[in-house]
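> Show me how the following folds:
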Amino acid sequence: MIPAVLIKAIAILLFMAPGLLSLAAAVSGCRWFLESRSASTARSFFGKNGARLYYGIVGLLLIVAGAVILFDPMRVFSAP
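Numbering: from 1, shown residues only. Below you'll find the model as predicted:
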């Protein structure tokens, strides 16, 4: 059985790392991020600045989700 701490750490990394990447790319306006094929849908729908705002919000939401897992307000990962 995998310890709950390891599962919690992996879950935090799965949310925090992409969130930080998305937020950093949105704030700095990285060309490689905003001109990628996967970002073309948001860019064509919202425009360049709208796509930056969109990915900034997505990044913040992922960071908040990672923080919720980190602080575990419902005590999901605590031992019984």
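
> where do the helices sit along this structure?
Using DSSP state H, the helices of the chain run over 4-28, 31-34, 40-71.

> For the last one, name the packing helices and strands.
Okay, so that is helix 40-71. Identification of packing neighbours for helix 40-71 by 3 or more C-beta pairs under 8 Å, 6 or more residues apart in numbering; DSSP states H and E yields helix 4-28, helix 31-34. The C-beta positions use only the backbone N, C-alpha and C, and glycine is treated the same way.

> got CSV for those helices, with mean pLDDT, distance to residue 42 and mean neighbour count too?
Formatted as CSV, these follow (pLDDT from 0 to 100; distance: least, C-beta to C-beta, whole Å; neighbours: other C-beta atoms under 10 Å):
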stretch, mean pLDDT, distance to residue 42, mean neighbour count
helix 4-28, 91, 10, 15
helix 31-34, 90, 9, 14
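
> Could you export those as JSON lines, including distance to residue 73?
Formatted as JSON lines, the helices and strands packed on helix 40-71 follow (distance: least, C-beta to C-beta, whole Å):
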{"stretch": "helix 4-28", "distance to residue 73": "13"}
{"stretch": "helix 31-34", "distance to residue 73": "32"}
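
> Among those helices, which comes closest to residue 41?
Of all the helices and strands packed on helix 40-71, the one in closest proximity to residue 41, counting by C-beta to C-beta, is helix 31-34 (11.8 Å).

> Touching the closest one from outside, list them.
21-22, 25-26, 39, 43, 48, 51-52, 55 (C-beta atoms under 8 Å, 6 or more residues apart in numbering).

> Check what pLDDT residue 80 gets.
Note on residue 80: pLDDT of 58.

> Make residue 1 into 32 and carry on from there
With the count now opening at 32, the last piece we talked about shows up as residue 111.
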